[in-house]
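>>> what follows is a predicted protein model with its sequence.
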Amino acid sequence: MDVFVVGGGPAGLAAAIAARQRGMSVAVADGSAPPIDKACGEGLMPETIFALGELGVDVPPGAGFRFRGIRFLQRDAQVSAEFLQGLGLGIRRTILHEWLIARAEECGVQLMWRSPVAGISEAGVHLTDGFVAARWIVGADGSGSRVRRWSGLDAAARQSQRFATRRHYRVQPWSDQVEIYWGRHAQAYVTPIAREEVCIVVMATHSE
């Protein structure tokens, strides 16, 4: 392979599609199987929607919830701003993942689900059941990246840790902006993702 991507989430799939668009042979491996989900705010900024279009990922009309900006709120103050160009999109992460998988398959990316990566070397990628030679290796395996550790880059990694939890609520969005409630040790992100649904993510520096 010209490019081997470790991690099949949105970032890994986007990197794989971009490489295929430049004529490279590409494989993606992930120890899980789709849909790959995690606690995230589920809000796509206007620039992200533009980038998806450049990758050939078409956002269906009427998908998700269009929001016009971001509002930060804390106990005694708040500030908000609208996007200068275009609207953002609130969409479930699993739906975004489905779009990216479909595009990756369409442009010829080799997708290797349930294929844990055991290590890397200058020659390529070591899987639990084999080896794939690769010229380039992309680590898209999250904040606790093993690729980063195997590459000796952990010294540059942020050592602090945050905890997150996410819930979806069937309620009509009360705002056409993403709202971020800001506290000293925690933040709550409220994203409208459908006409009758909101996503709420709470992130904190402590698990309790």
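Perfect, I can see it now.
>>> longest single helix anywhere in the protein?
Assignment by DSSP state H gives helix 93-106 as the longest helix of the chain.
>>> and that one, what does it pack onto?
Identification of packing neighbours for helix 93-106 by 3 or more Cβ pairs under 8 Å, 6 or more residues apart in numbering; DSSP states H and E yields helix 10-21, strand 110-113. (Glycine included, C-beta is placed from N, CA and C.)
>>> tell me the mean pLDDT for the helix or strand just after the first one?
Beyond helix 10-21 on the C-terminal side, the first helix or strand identified by DSSP states H and E is strand 26-30. Rounded to a whole number, the mean pLDDT of strand 26-30 is 97.
>>> show me what strand 26-30 packs onto, helices and strands only.
Going by 3+ Cβ pairs under 8 Å, 6+ apart, strand 26-30 lies up against strand 3-6, helix 10-21, strand 110-113.
>>> which elements pack onto the first one?
Contacting strand 3-6 under the criterion 3+ Cβ pairs under 8 Å, 6+ apart are the following elements: helix 10-21, strand 26-30, strand 124-127, strand 136-139.
>>> and the contacts of the third one?
Taking contacts as Cβ atoms under 8 Å, 6 or more residues apart in numbering, the residues outside strand 124-127 that touch it are 1, 4, 6, 29, 112, 115-120, 131-134, 137.
>>> any idea which of the helices and strands packed on strand 3-6 is most buried?
Of all these, strand 26-30 carries the top mean neighbour count, a mean of 23, counting by mean count of other Cβ atoms under 10 Å.
>>> what pairs with that strand, parallel or antiparallel?
Its sheet considered, strand 26-30 pairs with strand 3-6 (parallel), strand 110-113 (parallel) by DSSP bridges.
>>> what residues sit buried inside the longest helix of the chain?
Buried residues in helix 93-106, counted by 16 or more other Cβ atoms under 10 Å: Arg93, Leu96, His97, Trp99, Leu100, Ile101, Arg103, Ala104.
>>> still on that earlier bit, need the helices and strands packed on helix 93-106 in CSV (columns: mean pLDDT and distance to Gly43).
Shown next, in CSV, are these (pLDDT from 0 to 100; distance: least, Cβ to Cβ, whole Å):
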stretch, mean pLDDT, distance to Gly43
helix 10-21, 97, 13
strand 110-113, 96, 26
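>>> what about this protein, any weak spots by pLDDT?
The chain contains residues with pLDDT under 70 at 156-159, 207-208.
>>> burial count for Phe83?
15 (other Cβ atoms under 10 Å).
>>> list the contacts for it?
Counting by Cβ under 8 Å, 6+ apart, Phe83 makes contact with Met45, Pro46, Arg68, Gly69.
>>> ok so, going back, want to throw the helices and strands packed on helix 93-106 into JSON lines with distance to Pro35?
JSON lines is the format used below for those (distance: least, Cβ to Cβ, whole Å):
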{"stretch": "helix 10-21", "distance to Pro35": "11"}
{"stretch": "strand 110-113", "distance to Pro35": "11"}
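>>> which one, of those, ends up nearest to Ala77?
With Cβ to Cβ, the closest approach to Ala77 among those belongs to helix 10-21: 32.9 Å.
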